[in-house]
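Colleague: Quick one, structure for this:
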Amino acid sequence: MTFGAAAGYDNALAEVADLGLRLADPCYERSWTRHLPLFWHSMGQTAAFASGRTLIVATTDVAPTTWQDRLRQSASVSGIDTSYASPC
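Modeller: Sure thing, here's the model as predicted:
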C-alpha cells in the first residue's frame, strides 16, 4: 500500500497494525515455506517507505474482512495494490 507525503513511517505502521495487518517479506516467507536455508532479518521496511512511501503487508487471523475498505477511507493511504508480484 502507498501512503501520502504527510504520513510518517511510525504512523503508517500503527495504521496497518490497528487493522491486524503485518509487514511482509514475500521472498523470505516463500523460502521459509519451502524449507530453504535462510537467515532471519528484520521485516522492517524503513528504506522502502522512505523512497517510495510504500509498505508490503499481509493479513493475519485477526484482520477484519473490511481492511481494504477501511484503509481506502484513511486520509493517509493513497493507494492499495492487491496484485503485488514479488521479485523472487
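Colleague: what about the spatially closest residue to residue 26 that is not a sequence neighbour, helix or strand, and which?
Modeller: What sits nearest to residue 26 in space, not counting adjacent residues and going by CB to CB, 6 or more residues apart in numbering, is residue 86, at 3.6 Å. Where you see a C-beta, it was placed from the backbone N, CA and C, and this is true even at glycine. Assigned by DSSP states H and E, residue 86 belongs to no helix or strand.
Colleague: swap in residue 48?
Modeller: Going by DSSP H and E, residue 48 is in helix 46-52.
Colleague: Report the buried residues of that helix.
Modeller: residue 49 (16 or more other CB atoms under 10 Å).
Colleague: which residues in the chain form strands?
Modeller: 2-3, 22-23, 57-58, 77-79 (DSSP state E).
Colleague: Tell me the strands beside the last one, with direction?
Modeller: What that stands for is strand 77-79. Note on strand 77-79: by DSSP bridges, its sheet partners are strand 2-3 (antiparallel).
Colleague: So which residues make contact with the partner strand?
Modeller: Strand 2-3 is contacted from outside by 12, 49, 52, 53, 54, 55, 76, 77, 78, 79, 80, 81, using CB atoms under 8 Å, 6 or more residues apart in numbering.
Colleague: Now rank those residues by neighbours and give me the top one.
Modeller: residue 12 (23 neighbours; other CB atoms under 10 Å).
Colleague: ok, now how distant is it from residue 44?
Modeller: 12 Å (CB to CB, to the nearest Å).
Colleague: do the same with residue 62
Modeller: 21 Å.
Colleague: and the residue nearest the centre of the chain, bridged to which residues?
Modeller: The chain has residue 57 as the residue nearest its centroid, 2.2 Å off, counting by CA atoms, centre = their mean. On the basis of DSSP bridges, residue 57 is bridged to residue 23.
Colleague: Tell me which of residue 62 and residue 44 has more neighbours.
Modeller: Shown here are residue 62 and residue 44; by other CB under 10 Å, residue 44 has more neighbours (12 against 9).
Colleague: hang on, that one packs against residue 22?
Modeller: No: between residue 44 and residue 22 there is no contact, the gap being 11.8 Å when judged by CB atoms under 8 Å.
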